[in-house]
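Student: Sequence and predicted structure below; questions after.
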Amino acid sequence: MSTDHVQRARQHFADANPASRAHYDEARRYLPGGHTRTVLTHAPFPLEFVGGQGAMLTDADGHEYIDLLGDYTAGLLGHSERRVIDAVTAALHTNVSVGGIHPAEARLARLMCERFGLDRVRFTNSGTEANLMAITTAMMATGRDRLVVFNGGYHGGVLYFATGAAPWNVPYHFVLAPYNDLAASVAVIREHGPSLAAVIVEPMLGSGGCLPGADGFLAGVFAAAREVGALCIADEVMTSRHGRQGLAHLMGATADITTFGKYIGGGFSFGAFGGRADLLDQFDTSPEAGRTRVISHAGTFNNNIATMTAGGVVLGEVFTADVAESHTARGDEFRAHVASVLARHRVPMSVSGFGSMMAIHALADVPSTVDQVLARDHDLNELLYLGLLRRGVYTAARGMVTLGLALSDEHLATALGALDDALGEIDELV
Ligand SMILES: Cc1ncc(COP(=O)(O)O)c(C=O)c1O
């Protein structure tokens, strides 16, 4: 693919978005790169969004988009879910920054334990923090310090393994294993067995390209970890939306600790880690527990009223287990439609994923490893991204799509039409 085509598409984008450009230029005076979330930026500059209703987004230049990104799974509810907005508004009229315990916190904890089969749960401000605390829990319980992570895995800004371990990661003793290669992963786990505190793994690589764990991979990794006395941490920050109880459960694997984030906070900052009582009770400060050694867990906003209230409505009323189950099926169906649109075109494209999370790759075959994802034609992926924007469909620049509850069948049909049209245009170039 010639970069001339990409340059022309970028120029077209820049010409169509002068107000976003002006915002970006102003923002860059104060924010390095004009942002505080690296994933949201791309060349020549990202759009500035000024409004959202249901499944639609509006940018600073007045363009409207069908939101197929769903804020990388955090925006599952769409942009104006009344039940959450009303409950949070009412709670904010009651008390803000409580500085104490309040009922919404225990309610959300109960809902999470019942829904995801946890004995106990604790809240944090983000998925990153949830994973850091899950790791702490495992290291304290085992007295060991090594952690098996997977190539292509992402567990937060400082737990980043897209192409090996990033230099800005927290300085823990990480050992990398190849995702979706069970035999090689088991060998790594055994090699480091005596000093291994935990394995931490996504049931499906999310940021790594929506690559589901192969049949038996997750369960096999967990079994090997248990053999050497290490704990199993499932990072379900993105994937707890699948099925009635999350993706690990659908894959027949049970973690000792599971981490959560994203949509459960209803759009507010959220993270949680939960699981076995004997592990989580290391945090139990109650006199009744009589523990001589307790892990202290701080976080001013861990139990903030907006998130705790929103989360209670999300799990209790909006995204019940029944809704989660049917949303997963709807996502599978949509992904199949995407695959058949891709198959109609000359340009080599494939779609990977599970349920309502997927990614479109400029690759002829559906990838199963991050190395395959990284080898895709980046120019083609960019052309598709910009082509979809031009047709009023918002996805991730890297090709990720996550479906939200506010998307109607008509939205999805329109988005498929836009995909078909954008690919038709690219067909002419390859
Ligand atoms: C699997 C996974 N774990 C952890 C995180 C980090 O969550 P947060 O961005 O809330 O810190 C993410 C975020 O994308 C994620 O996809």
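Tutor: Nice, thanks for sending it over.
Student: So which elements touch the strand or helix carrying Glu333?
Tutor: According to DSSP states H and E, Glu333 maps onto helix 321-343. Applying 3 or more CB pairs under 8 Å, 6 or more residues apart in numbering; DSSP states H and E, we find helix 321-343 packed against strand 350-354, strand 357-361, helix 409-427. All C-beta spots, glycine's among them, are computed from the backbone N, C-alpha and C.
Student: try it again with 6 Å
Tutor: Packing contacts for helix 321-343, counted by 3 or more CB pairs under 6 Å, 6 or more residues apart in numbering; DSSP states H and E, involve strand 350-354, helix 409-427.
Student: Give me the contact status of the shortest one with the ligand.
Tutor: Pointing back at strand 350-354 there. No: using CB under 6 Å from any ligand atom, strand 350-354 stays clear of the ligand, with a minimum separation of 13.2 Å.
Student: Each with direction, which strands does that strand pair with?
Tutor: Using DSSP bridges, strand 350-354 pairs in its sheet with strand 357-361 (antiparallel).
Student: quick one: is the partner strand near the ligand?
Tutor: No: Strand 357-361 stays clear of the ligand (CB under 6 Å from any ligand atom), getting no nearer than 9.8 Å.
Student: Tell me which of the helices and strands packed on helix 321-343 is the most buried.
Tutor: Most buried of these by mean neighbour count (mean count of other CB atoms under 10 Å) is strand 350-354; its value is a mean of 23.
Student: what does the average pLDDT come to for that strand?
Tutor: Taken as a whole, strand 350-354 has an average pLDDT of 98.
Student: What lies in contact with it?
Tutor: Outside strand 350-354, the residues within contact range by CB atoms under 6 Å, 6 or more residues apart in numbering are 204, 210-212, 335, 338-339, 358-361, 363, 365-367.
Student: returning to that earlier point: now the helix holding Glu333 and helix 409-427, what's the angle there?
Tutor: Comparing the axes of helix 321-343 and helix 409-427 via axes from the mean of the first three to the mean of the last three CA atoms, to 10 degrees yields an angle of 30 degrees.
Student: So what's the residue count around Glu129?
Tutor: Neighbour count of Glu129, defined by other CB atoms under 10 Å: 23.
Student: I figured it hits Gly271, correct?
Tutor: Yes: Glu129 lies in contact with Gly271 (CB atoms under 6 Å); the separation is 5.1 Å.
Student: Would you list the phi and psi of the residue lying closest to Pro18 once chain neighbours are set aside?
Tutor: Distance criterion CB to CB, 6 or more residues apart in numbering; nearest residue to Pro18, sequence neighbours excluded, is Asp61 at 6.6 Å. Backbone torsions of Asp61, given as degrees, to the nearest 10, read phi -100, psi 10.
Student: hang on, Asp61 packs against Asn17?
Tutor: Yes: using CB under 6 Å, Asp61 is in contact with Asn17, at 5.1 Å.
Student: overlap in contacts of these two?
Tutor: When CB under 6 Å, 6+ apart defines a contact, no residue borders Asp61 and Asn17 alike.
Student: neighbour-wise, which of those two wins?
Tutor: Asn17 (22 against 16).
Student: Spit out the contact partners of the more buried one.
Tutor: Asn17 touches Asp61, counting by CB under 6 Å, 6+ apart.
Student: how close does it get to the ligand?
Tutor: Going from Asn17 to the ligand by CB to the nearest ligand atom, to the nearest Å gives 26 Å.
Student: try Ala27
Tutor: With CB to the nearest ligand atom as the criterion, Ala27 and the ligand are 20 Å apart.
Student: pretty sure that residue is in contact with Gly34, am I right?
Tutor: Yes: with contacts counted by CB under 6 Å, Ala27 reaches Gly34, the gap being 3.9 Å.
Student: Look up the residues forming beta bridges with the closest residue to Phe222 other than its chain neighbours.
Tutor: In space, and not counting its chain neighbours, Phe222 is closest to Cys232: 4.4 Å by CB to CB, 6+ apart. Judged by DSSP bridges, the bridge partners of Cys232 are Val199.
Student: picking that back up, average model confidence for the helix holding Glu333?
Tutor: Taken as a whole, helix 321-343 has a mean pLDDT of 98.
Student: and what of stretch 220-227?
Tutor: 98.
Student: for stretch 22-34, same thing?
Tutor: Averaging pLDDT along stretch 22-34 yields 97.
Student: and what of stretch 376-394?
Tutor: 97.
Student: So stretch 29-37, near the ligand or not?
Tutor: No: between stretch 29-37 and the ligand, judged by CB under 6 Å from any ligand atom, nothing touches; the nearest distance is 8.5 Å.
Student: With stretch 233-246 instead?
Tutor: Yes: interface with the ligand: stretch 233-246 contributes Asp235, Val237, Met238 (CB under 6 Å from any ligand atom).
Student: The last one and Gly216, how far apart?
Tutor: Here the distance between Met238 and Gly216 works out to 21 Å (CB to CB, to the nearest Å).
Student: So these two - more neighbours on which side?
Tutor: Per other CB under 10 Å, whichever of Met238 and Gly216 has more neighbours is Met238, with 27 against 13.
Student: Next up, the contacts around the closest residue to the ligand within the stretch 101-250 of the chain.
Tutor: Nearest to the ligand in the stretch 101-250 of the chain, going by CB to the nearest ligand atom, is Gly127, at a distance of 2.4 Å. Neighbour list for Gly127: Gly156, Val237, Gly261, Gly271 [criterion: CB under 6 Å, 6+ apart].
Student: could you point out which element follows the helix or strand hosting Leu132?
Tutor: Using DSSP H and E, Leu132 maps to helix 127-142. Toward the C-terminal end, the helix or strand that comes next after helix 127-142 (DSSP H and E) is strand 146-150.
Student: What lies in contact with whichever helix or strand comes after that following strand?
Tutor: Using DSSP H and E, the helix or strand that follows strand 146-150 in sequence is strand 153-154. For strand 153-154, the external contacting residues (CB under 6 Å, 6+ apart) are Tyr160, Phe161, Glu202, Ser207.
Student: Sweet, I'm off.
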